[in-house]
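Visitor: 3D, please:
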Amino acid sequence: MTAAHTPDGLRSDSGAVGAAATGEDRADAVRLLEMEFGELFTHVRRMYAEMANRLSPGMLPGAYKVFTTIARRGETTLSSLAELLHADKGQISRTVRELEELRLVQRAPDPADGRSSLLTATESGLERWNAARAPHENSLLTALETWQIDDIRELTRLLHALSTSASPRG
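Guide: The predicted structure follows:
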């Protein structure tokens, strides 16, 4: 088994595959993966902060996430939004009020439950959102421009397996 070291000092054992990999090999591989996820998450947070600021100067990324979730769902209730985002209902309520004040979100009575309201993005909010994300719209497409389509599909399959705690081997 050949061991190579990354610039960060972690080993990458090119000969360790499948069941032959040791616990140390697996731990090293997972540490490298965690580091790459950390870099990816930092990049995504930076991008969210930029888009939030473009949508409304001074908007925090958390408020941007609440808005984009409402916009992508079409309509939702405050309770389902809090559950979906694993967030405190009171905090989500305050954030939605801020989004309403910015005329990005509107409430309407929920015909299925008179005690609840449906939240939707306003037409103006959707227009502003499209303008805010336009500079990043093709960034993933550009980043994957030289990748083979089979590699993109394989990454997608593996990320899905990871996010659902499924075995990548099916």
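Visitor: Now find how far off-centre the helix or strand where residue 109 lies is within its chain.
Guide: For residue 109, the element it lies in under DSSP states H and E is strand 105-110. Strand 105-110 sits 25 Å away from the centroid of its parent chain (C-alpha atoms, centre = their mean, to the nearest Å).
Visitor: Which secondary structure elements does that strand sit against?
Guide: With contacts defined as 3 or more C-beta pairs under 8 Å, 6 or more residues apart in numbering; DSSP states H and E, the packing partners of strand 105-110 are helix 89-101, strand 113-121. Backbone N, C-alpha and C define where each C-beta goes, glycine included.
Visitor: Repeat the analysis, applying 6 Å as the threshold.
Guide: strand 113-121 (3 or more C-beta pairs under 6 Å, 6 or more residues apart in numbering; DSSP states H and E).
Visitor: Next, the angle helix 89-101 makes with the strand it packs on.
Guide: For strand 113-121 against helix 89-101, the angle by axes from the mean of the first three to the mean of the last three C-alpha atoms, to 10 degrees is 60 degrees.
Visitor: Would you mind checking the average pLDDT for strand 113-121?
Guide: Strand 113-121 carries an average pLDDT of 90.
Visitor: Mind listing what's buried along it?
Guide: 117, 118, 119, 120, 121 (16 or more other C-beta atoms under 10 Å).
Visitor: Same check on stretch 21-28?
Guide: Using 16+ other C-beta under 10 Å as the test for burial, stretch 21-28 gives 21, 25, 28.
Visitor: residue contacts, the first one?
Guide: Under the criterion of C-beta atoms under 6 Å, 6 or more residues apart in numbering, residue 21 has no contact partners.
Visitor: can you give me phi and psi for it?
Guide: Per-residue torsions, residue 21: phi -70, psi 140 (degrees, to the nearest 10).
Visitor: I'd like to know how far it sits from residue 112.
Guide: 52 Å (C-beta to C-beta, to the nearest Å).
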